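In: below are the sequence and a predicted model for it; my questions follow.
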Amino acid sequence: MKRLRRAALAFLAIVVLASLLAGVFAPASYDFQFREVSNAACSTHHWLGTDALGRDRFSRLLFGTRVSLLLAPAAALISTLLAALIGGVAGYIGGKVQRTLMAATDLSMAMPWMFLLITVRAMLPLNTGPAASVVITFAVLGLLGWPAAARVVCADARRLIESDFILHARAAGCSEACIFRRQFLPNLRPVLMAQFWISIPVFILAEANLGILGLGVAEPLPSWGGLLQELQGLAATSGRPWQFAPILLLIATVSCFHLAIERKESEA
Amino acid sequence: MRRKGLFLICALVASALSAGAYAQSEMRFCLSSQPKTFNPLAVDDDASETIRYLTGGVLIRLDRNTQQPVGELATAWRINKAGDAISFTLRPNVRFSDGTPFSATDVAFTVERLMDPDLHSPTGDSFRSTPGKVATKITDPYHLTITFPGPVIGLDRLFDQVAIISAQSPQKYMAVLGPYYVADNKAGSTLLLKRNPNYWKHDSAGRQLPYIDSIRLDIQQNRDRELLRLTRGEIDLVNSLNAESFDLLKGQAPSMAFDAGVSLDSEQIWFNQVPTSPLPDYKKAWFTSTHFRRAVSSAIHRDDIARLVFHGYAQPAVSLISPANKIWFNQKLKPHAYDVKLALRELELDGFRLQGDTLRDRTGHAVEFSVITNAGNKDRERMASVIQQDLRAIGIRLNIVTLDFPSLIERITRSFNYESCLLGFVNDELDPNAQMSVWLSSADNHQWNPNQKQPATAWETEIDRLMREQASSLDPAKRKRDIDRVQQLVWEQEPFIYLVNKHALSAVSPNLRNAHPVGLRPQVYWNIEQLAFATQPRRPQ
């Protein structure tokens, strides 16, 4: 199990490194259209062939990976911080505050987030550049993704507050601030870390879903969602297996994240 | 012994049944949605239009192949000199699908219902050129004259859309005069049409048409699934295919793929020229500049769009009329050529200058604008990407924004909060008079600057005048001259930058005979009565 986890982490490290150095490794710009060689097969010039407009698939995959892999953790960080704040406060204080905050969480979970995202997207200024639009998309994903994590954090916070060691600390005369800082927060950290790791693949997939609907990252900037959009339709099944590279990379990356998470969860 | 007896009884029943019946032929294809109505006079969606075409009997049918009107339920017709009245001689001895006889009373009843303002019939709207009542005079059961309050352009062709309903049948509009009638409707799932036993048409051998006994229409939204079902032999035709699917089918089963050539549909981009739009003044100045629009047009590589996005199944568009429209297309006009130098010269005429790789206007603003298009439409997203790279060559930065359709419509029709838009127009009508709602400056669909009280430009004033003149003229030559001039003006001024006209692509099972897909709708089954299966069972006469 340890070996598998190490392999997963190594794979993730390679992918992250390759995407960060996309400018060095990519044989072409992600948006340049080699129009005379559209839909080309794999070659020494284009390792994964070219897309319908003649753009180099390998370059787009590297840059797309950078977009998805850098911004999904950022979105996960936003949602985990919000979950820590709302779930932590609810669990720590309890009573009416907990009931009110959890009711708000339930309400947020019931919201059709996809439609909300579409609405937010429709309200964005039209001349928002591709880079800004991708940051906004992931920020919105992060701002909408906290409720499920908040419930978990709240339940864990309640468990901590009612635990024996906090009772002993209180009996020993520790102040509330001291209990919060020394007992509560350090013990809540593992569950927050687990929520953070769990959220990353969720946001990668959420962006991919938006991309499939054509509402993800704006052209010409690639993302995994945008690259997966190419696989829609019967034409995708026609003898061009290299087209499936983005989905294979997505599956491999998300699986590696899960392997890493399993370990983190067991630590939590 | 008991088993033997049972077997004998089964064999006898089976042979008795086969003696009295024959294998029914059934054609299958898909509709993308449930028809909203079966009332042929209230049709305003594609699915209902399909049902109307397959079931409705019309006085005059526009032959989709020759693009000429031919008599159906009317054996002869005559339009008066003023162009406001049409006299019909009707086909005798015709019956509706329920056996009710057909006469001039039914035509008069249909026209009365069609022009009823409470019905809000889109078909009826096309006859309303002048306010007032429509009068019908029945001379005898087979002769009548319909008089309109004012001249109606292309009057005879408009009757292609008017399916005659019965004045007397208890089945009301479900009693039909077309080749099929609606036998069963499982809402949201399947529609079954059966051949009209009283259909009047016969082939040269005297055999009653249509050849195929029934049509099963499955409601299927997923176009890929539709193609998959065709290749599996579950359906017999796909009326309209995108270029990618067509290419795939052509590789796998070339005998199934039909390219009927260029269609009437167009794809275009336009700039927001609405004076009250919330755009900064310097951008309004760009978009209202003819030089700027021409420059953008010259910088777009239309051949590349046709080749890369539509796999060669499209051709560079010229103006408002597609070359598929044999009667009205202005043959003198050619598509705008890709010419970056010309584009830069046009921009210089308006004070734009290229600084490094950025184009700046005379006030120093970098030229950057957005184009909106509907999300999920792969072809349009690709077209926008091609245009994005093309415009980069003249220093223009284009931002592509894909929006869900309601948001897009809100922006282009109400808030006018957009800079440019990439969309397509679906054209069903050959007569350009049907495009009045686009080309009159006062019209709602005058997309770049709708609902103008006074035309904003001299060329829009001229287009208004020409469109009005052609709409009130009964001289076909003058109408052609007017429409040619409108095409010329649109080609010069480019309020719409026409990109491509797509080909009409369809797929037909090799088992289906007499299918000759054309560019006009309905592409494959326009000659539905003539379609037959290669292994057609013989129907008892």
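Out: Nice, thanks for sending it over.

In: where in chain A is pLDDT low?
Out: Applying pLDDT under 70 to chain A flags residues A:1, A:212-214, A:233-238, A:262-268.

In: close to chain A: what parts of the stretch 101-250 of chain B are there?
Out: Residues of the stretch 101-250 of chain B lying near chain A by CB under 8 Å from any CB of the partner chain: B:224, B:227-228, B:244-245, B:247-248. From N, CA and C alone the C-beta is placed, and that goes for glycine too.

In: taking the centroid of chain B, which residue is nearest it?
Out: What sits nearest the mean C-alpha location of chain B, by CA atoms, centre = their mean, is B:D428, with 2.9 Å.

In: so what's that residue up against?
Out: Neighbouring residues of B:D428 by CB atoms under 8 Å, 6 or more residues apart in numbering or on different chains: B:264, B:434, B:520-521.

In: got it, and B:R294?
Out: Applying CB under 8 Å, 6+ apart, we find B:R294 in contact with B:336, B:343, B:346, B:494.

In: compare these and tell me which has the most neighbours.
Out: If you count neighbours using other CB atoms under 10 Å in any protein chain shown, the busiest of the contacts of B:R294 is B:A343, which has 26 neighbours.

In: in a helix, that's where that residue is, yeah?
Out: Yes. According to DSSP: H, G, I helix; E, B strand; the rest coil, B:A343 belongs to a helix.

In: where along chain A do the helices fall?
Out: Assigned by DSSP state H, chain A shows helices spanning A:2-20, A:22-25, A:57-93, A:95-110, A:113-123, A:130-144, A:147-161, A:164-171, A:176-178, A:185-212, A:224-229, A:245-267.

In: would you mind listing the buried residues in the third one?
Out: Read that as helix A:57-93. Across helix A:57-93, burial judged by 16 or more other CB atoms under 10 Å in any protein chain shown covers A:57-69, A:71-76, A:78-80, A:82-84, A:86-92.

In: around chain A, pick out the residues from the stretch 401-541 of chain B.
Out: B:401-404, B:407, B:417-419.

In: hmm, back to that, how about the residues of the stretch 101-250 of chain B next to chain A in TSV, adding neighbour count and secondary structure?
Out: Output for those, formatted as TSV (neighbours: other CB atoms under 10 Å in any protein chain shown; DSSP: H, G, I helix; E, B strand; the rest coil):
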residue	neighbour count	secondary structure
B:D224	17	helix
B:L227	25	helix
B:L228	15	helix
B:E244	23	helix
B:S245	22	helix
B:D247	20	helix
B:L248	24	helix
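
In: among those, which two are most distant?
Out: For those, the farthest-apart pair by CB to CB is B:L228 and B:D247; their separation is 15.4 Å.

In: Serialize the contacts of B:R294 to TSV and add fields for secondary structure, pLDDT and distance to B:S255.
Out: Formatted as TSV, the contacts of B:R294 follow (DSSP: H, G, I helix; E, B strand; the rest coil; pLDDT from 0 to 100; distance: CB to CB, whole Å):
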residue	secondary structure	pLDDT	distance to B:S255
B:H336	coil	96	37
B:A343	helix	97	44
B:E346	helix	96	48
B:E494	coil	98	41
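
In: okay if I get those residues as JSON lines plus distance to B:G56?
Out: Output for those, formatted as JSON lines (distance: CB to CB, whole Å):
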{"residue": "B:H336", "distance to B:G56": "41"}
{"residue": "B:A343", "distance to B:G56": "49"}
{"residue": "B:E346", "distance to B:G56": "50"}
{"residue": "B:E494", "distance to B:G56": "40"}
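
In: tell me which two of the residues you listed sit farthest apart.
Out: B:A343 and B:E494 (12.2 Å).

In: which among the helices of chain A is found nearest to chain B?
Out: Chain B lies closest to helix A:113-123 among the helices of chain A, at 3.8 Å (CB to the nearest CB).

In: so what's the gap between that closest one and the chain middle?
Out: Computed by CA atoms, centre = their mean, to the nearest Å, the separation of helix A:113-123 from the middle of its chain amounts to 18 Å.

In: tell me what it is packed against?
Out: Judged by 3 or more CB pairs under 8 Å, 6 or more residues apart in numbering or on different chains; DSSP states H and E, the packing partners of helix A:113-123 are helix A:130-144, helix A:185-212.

In: for B:Q487, find the nearest of these.
Out: Nearest of these to B:Q487, taken as CB to CB: helix A:130-144 at 37.2 Å.

In: quick one: work out the angle between the closest one and helix A:113-123.
Out: For helix A:130-144 against helix A:113-123, the angle by axes from the mean of the first three to the mean of the last three CA atoms, to 10 degrees is 140 degrees.

In: list the contacts of helix A:130-144.
Out: Applying CB under 8 Å, 6+ apart, the contact partners of helix A:130-144 are A:67, A:71-72, A:74-79, A:82, A:108, A:111, A:113, A:116-117, A:120-121, A:124, A:128, A:203, A:206-207, A:210, A:216-221, A:223, B:399.

In: okay, that helix in CSV with CA atoms only?
Out: Output of helix A:130-144 as CSV, limited to C-alpha atoms (Å, rounded to 0.1, in the frame of the first residue of the first chain):
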residue,chain,number,x,y,z
PRO,A,130,-9.3,33.8,-20.8
ALA,A,131,-6.9,33.8,-17.8
ALA,A,132,-9.2,35.9,-15.7
SER,A,133,-12.2,33.8,-16.7
VAL,A,134,-10.5,30.6,-15.6
VAL,A,135,-9.6,32.2,-12.2
ILE,A,136,-13.2,33.4,-11.7
THR,A,137,-14.6,30.0,-12.7
PHE,A,138,-12.5,28.1,-10.1
ALA,A,139,-13.1,30.8,-7.5
VAL,A,140,-16.8,30.4,-8.0
LEU,A,141,-16.4,26.6,-7.8
GLY,A,142,-14.5,27.1,-4.5
LEU,A,143,-17.1,29.5,-3.1
LEU,A,144,-19.9,27.1,-3.9
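
In: now the angle from that helix to helix A:95-110?
Out: Using the same axes, to 10 degrees: helix A:130-144 against helix A:95-110 is 130 degrees.

In: list the buried ones in helix A:130-144?
Out: Neighbour counts using 16+ other CB under 10 Å place A:130, A:133-135, A:137-138, A:140-142, A:144 of helix A:130-144 among the buried residues.

In: surely B:L342 and B:S298 touch.
Out: Yes. If you go by CB atoms under 8 Å, B:L342 and B:S298 touch, sitting 4.7 Å apart.

In: of those two, give the one with the bigger neighbour count.
Out: B:S298 (24 against 16).

In: that one reaches B:D390, doesn't it?
Out: No. B:S298 lies out of contact with B:D390 (CB under 8 Å); the separation is 9.8 Å.

In: and the end-to-end length of stretch A:140-152?
Out: 21 Å (CA to CA, to the nearest Å).

In: distance between that stretch and the chain's centre?
Out: Relative to the centre of its chain, stretch A:140-152 is centred 12 Å away, using CA atoms, centre = their mean.
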